[in-house]
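Return a 3D structure for these sequence lines:
(2 chains)
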Number of protein chains: 2
Amino acid sequence: MSRKLYSLCGTDRARPFSPHVWKTKLSLAHKGLEFDVVPVGFTEIPKVEEGATRLVPLLRDGDRLVQDSFSIAVYLEENYPDRPSLFGGSGGVAMARFVEGWSQTTLHPAIARIIITDIHDSLDPVDRVYFRESREVRFGTSLEAVAETGRAALATFAEKLEPLRHMLKFQPYFGGELPLFADYIVFGALQWARIVSPQRLLSPGDPVTDWFERCLDLHDGIGRSVTAA
Amino acid sequence: MSRKLYSLCGTDRARPFSPHVWKTKLSLAHKGLEFDVVPVGFTEIPKVEEGATRLVPLLRDGDRLVQDSFSIAVYLEENYPDRPSLFGGSGGVAMARFVEGWSQTTLHPAIARIIITDIHDSLDPVDRVYFRESREVRFGTSLEAVAETGRAALATFAEKLEPLRHMLKFQPYFGGELPLFADYIVFGALQWARIVSPQRLLSPGDPVTDWFERCLDLHDGIGRSVTAA
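Have a look, this model is predicted:
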């Protein structure tokens, strides 16, 4: 197939966990586009496609190479306009950037702390070394110290989801009656935790849990095709 | 004029401060629709339009009466489709609900605590009694105790704006290159504080401050038409 999605994984190459790659998987499925997944470890990323990227997702679509989950979604919207829309118009593209901002600055830092040890332990030895070194620089402390702060982050995680609960009083998806890319942005963050960590960030009975379960069912259950850790 | 907007005010009827009414003022201006403002105190609201509402904004548009800022924006979008769009498509309507959720659950609780004494002090005596009683029930403690928690809320307020800062790296408005109703949602929250309180929630040099200043300039500076406290 001419469409390839480079996807981050650990030792088990059938359990891709990158939140950003999951956004793109759902985006491609939303557009009804088939693709092959190419699993790569952290240290393999700079070697693919002649050094095209240091980050995944990276999409090869025929002779086009596109990176970054948001850019890929915009690319798919522009290049496959006759397929279901990922944004629902120009306002939807613009506001998806705010949803990304919320996910990146509110959810990701908390989830990263909560699951940091689980990510580390899922990796190949060579990637464990890379992960520890790069994350200890990023956080300015040891992985173990970051994990310690993850306990408090887990205890307060449910509070961070209040904006989403407000929205779910009015509609079942960020996209309204049907999902859009904004749903996949937040789904990706929670799917990352679901696949890599046995810790549970969502509780039964929470409307956010119900929304997440709906997302797992989308597009023939592509999100559910990888089991929870 | 047949278009009337009921607007909350304190003793100074030229300084309407309701965040939700500001959303509607900007929405009407965005659509290029003229309107008269009818200032009302808290305890006058249940008396207008034969008891139509307990909350503002309330819009009388000819023979139509519409309440709630989001519902009014949707009403304007549907009834004045040839004017500039407030949402930029169906995705924009849906995602504006999430922006509302973020504003209501993250910004409003903090701002309410920060400015609660300032609001109280701006009211007519009869409204001060109503405000104190209703807010002490809502918060489960005295106004003074709420105001005390407002100091911590002010100290951490800037952190809450991180999702917006992320978005502003990519575009000047929630709406993209131009503002949409989602901008007015968040503008309303900050305009509430600007008008009623001498405390400053935004700092010079912050991209959020620059965005807020741009919003104050919109539509012939309607936001700036009321000076900062």
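
Any chance of the backbone angles for residue A:5?
For residue A:5, the backbone dihedrals are phi -120, psi 120 (criterion: degrees, to the nearest 10).

contacting residues around the closest residue to it other than its chain neighbours?
Closest residue in space to residue A:5, ignoring its immediate chain neighbours: residue A:35 at 5.0 Å, by CB to CB, 6 or more residues apart in numbering or on different chains. (Each C-beta comes from the backbone N, C-alpha and C, glycine too.) For residue A:35, the contacting residues are A:1, A:3, A:4, A:5, A:25, A:28, A:59, by CB atoms under 8 Å, 6 or more residues apart in numbering or on different chains.

any chance you could map the strands in chain A?
Here chain A has its strands, by DSSP state E, at A:3-8, A:36-40, A:58-61, A:64-67.

Quick one: distance of the third one to the chain centre.
Spelled out, that is strand A:58-61. The chain centre lies 16 Å from the centre of strand A:58-61; the measure is CA atoms, centre = their mean, to the nearest Å.

ditto for the last one
When C-alpha coordinates are averaged (CA atoms, centre = their mean), strand A:64-67 and its chain have centres 18 Å apart.

Same question for it: list its buried residues.
Of all the residues in strand A:64-67, those buried under the rule 16 or more other CB atoms under 10 Å in any protein chain shown are A:66, A:67.

list the helices and strands it packs on?
When contacts are defined as 3 or more CB pairs under 8 Å, 6 or more residues apart in numbering or on different chains; DSSP states H and E, strand A:64-67 packs onto strand A:58-61, helix A:69-79.

Let's have these in CSV, adding distance to chain B.
Converted to CSV, the helices and strands packed on strand A:64-67 look like this (distance: least, CB to the nearest CB, whole Å):
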stretch, distance to chain B
strand A:58-61, 20
helix A:69-79, 9
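
and chain A, which of its residues are near chain B?
A:85, A:87-102, A:104-106, A:162-167, A:170-171, A:173-176, A:180, A:182 (CB under 8 Å from any CB of the partner chain).

Type out the ChimeraX command that picks the buried ones from the residues you listed.
One line in ChimeraX is enough to select the buried ones among the residues of chain A next to chain B; burial here means 16+ other CB under 10 Å:
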select /A:85,87,88,89,90,91,92,93,94,95,96,97,98,99,100,101,102,104,105,106,162,163,164,166,167,171,173,174,175,176,180,182
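
hmm, back to that, can you pick out the most distant pair from the contacts of residue A:35?
Across the contacts of residue A:35, no pair lies farther apart than A:1 and A:25, at 14.5 Å, counting by CB to CB.

who has more neighbours, those two?
Legend: neighbour count by other CB atoms under 10 Å in any protein chain shown for residue A:1 and residue A:25, higher for residue A:25 (26 against 7).

which ones are touching the residue lying closest to the more buried one once chain neighbours are set aside?
With sequence-adjacent residues excluded and distances taken as CB to CB, 6+ apart, residue A:25 is closest to residue A:222, at 6.2 Å. Contacts for residue A:222 (CB under 8 Å, 6+ apart) come out as A:25, A:26, A:29.

Closest one of those to residue B:121?
Distance to residue B:121, by CB to CB, is smallest for residue A:26 among the contacts of residue A:222, at 50.7 Å.

gap between the nearest residue to the closest one once chain neighbours are set aside and residue A:91?
Excluding its sequence neighbours, the residue lying closest to residue A:26 (CB to CB, 6+ apart) is residue A:184, at 4.0 Å. Between residue A:184 and residue A:91 the computed distance is 18 Å (CB to CB, to the nearest Å).

Need the residues that contact stretch A:40-47.
Where contact means CB under 8 Å, 6+ apart, the residues beyond stretch A:40-47 that reach it are A:6-10, A:48, A:53-56, A:58, A:123-124, A:126-127, A:130-131.

quick one: which of the contacts of residue A:35 is nearest to residue A:74?
The closest of the contacts of residue A:35, once distances to residue A:74 are taken by CB to CB, is residue A:59, at 11.8 Å.

bridging residues for the closest one?
Counting by DSSP bridges, residue A:59 is bridged to residue A:5, residue A:66.
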